[in-house]
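In: Below: sequence and its predicted model.
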Amino acid sequence: MNKFLAVILFLVFPNDGYVEKFSYAEKSKLDWSDFRGEPDWNSDFDAVVITGITYQWSYGKDEGEIALDYKVDSFCYPSQSWAKIGQRTDYLLNHEQLHFDISELHARILRKRLKDYKPGKNIRRDLNKMYKLVERMRTNMQEQYDIETEHSKNKEAQKRWEEKVKTLIWYYRAYEK
């Protein structure tokens with residue numbers, strides 16, 4: 001499986017499969033220097049931040065019990081994120097920051113689900129299903145955020161979303177790492 005993934009990364013991302021990224025744990029607050037990609041001048045958007053979550057897992061037997069080991073991270077991809085010159089305001093940066101925060105929120109949700117998971121006979125299937133569900137939730141929330149805030153244009157909706165995400169991040173604070 002890892003060889004297949006490496007091939008896909010190489011095909012999608014030249015440079016020996018390496019994609020510049022940093023985790024939320026490494027740097028949780030974005031600044032405009034994190035938007036290093038070439039702007040899409042044909043886009044209606046002034047900025048785009050590319051974020052996501054990844055997970056790794058393994059398991060073994062510990063005194064007859066299955067012990068699950070896992071790592072979940074949320075990432076920002078600076079070389080794929082961009083902002084148009086002349087549009088780099090603090091307000092727009094805060095909008096893009098919330099996209100990163102939403103990815104971190106879902107990393108925490110996945111950590112909680114993995115912690116609560118009781119390994120059964122089909123661990124690989126169960127964990128893949130769990131990841132896909134959380135990833136779908138993350139994608140849906142990202143889309144809903146942009147719809148309701150009109151991609152940052154609706155300032156009242158933006159404030160509501162900031163409070164909502166701040167509250168949810170706090171609620172899942174025990175799953176920060």
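Out: Alright, I've got the coordinates.
In: Every contact and neighbour count from this point should use C-alpha atoms.
Out: Will do.
In: can you give me the strands in the chain?
Out: Remark: strands assigned in the chain by DSSP state E are 22-23, 47-48, 51-62, 65-76, 82-83.
In: relative orientation of the third one and strand 65-76 in degrees?
Out: Orientation note: strand 51-62 sits at an angle of 170 degrees relative to strand 65-76 (axes from the mean of the first three to the mean of the last three C-alpha atoms, to 10 degrees).
In: ok, residue 128 to residue 20 distance?
Out: Per C-alpha to C-alpha, to the nearest Å, residue 128 is found 25 Å from residue 20.
In: ranges for the helices of the protein?
Out: Here the chain has its helices, by DSSP state H, at 2-12, 90-116, 123-149, 155-171.
In: Hmm, residue 20 and residue 78 touching each other?
Out: Yes. Contact criterion C-alpha atoms under 8 Å: residue 78 and residue 20 qualify, at 6.6 Å.
In: quick one, which of those two is more surrounded?
Out: Taking other C-alpha atoms under 10 Å, residue 78 and residue 20 do not tie; residue 78 has more neighbours (21 against 11).
In: Let me see the contact set for the more buried one.
Out: Contacts were defined as C-alpha atoms under 8 Å, 6 or more residues apart in numbering; by that measure residue 78 touches 20-21, 34-37, 49-50.
In: what about 10 Å?
Out: By C-alpha atoms under 10 Å, 6 or more residues apart in numbering, residue 78 lies in contact with 19-22, 30, 32-37, 49-51.
In: go on, residue 87?
Out: Contacts of residue 87 (C-alpha under 10 Å, 6+ apart): 45-47, 93.
In: same thing with residue 80?
Out: Residue 80 is in contact with 19-21, 34-39, 48-51, counting by C-alpha under 10 Å, 6+ apart.
In: Can I get the buried ones among the residues you listed as something I can paste into PyMOL?
Out: Listed next is the PyMOL selection for buried residues among the contacts of residue 80, using 16 or more other C-alpha atoms under 10 Å:
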select buried, resi 19+21+34+35+37+39+48+49+50+51
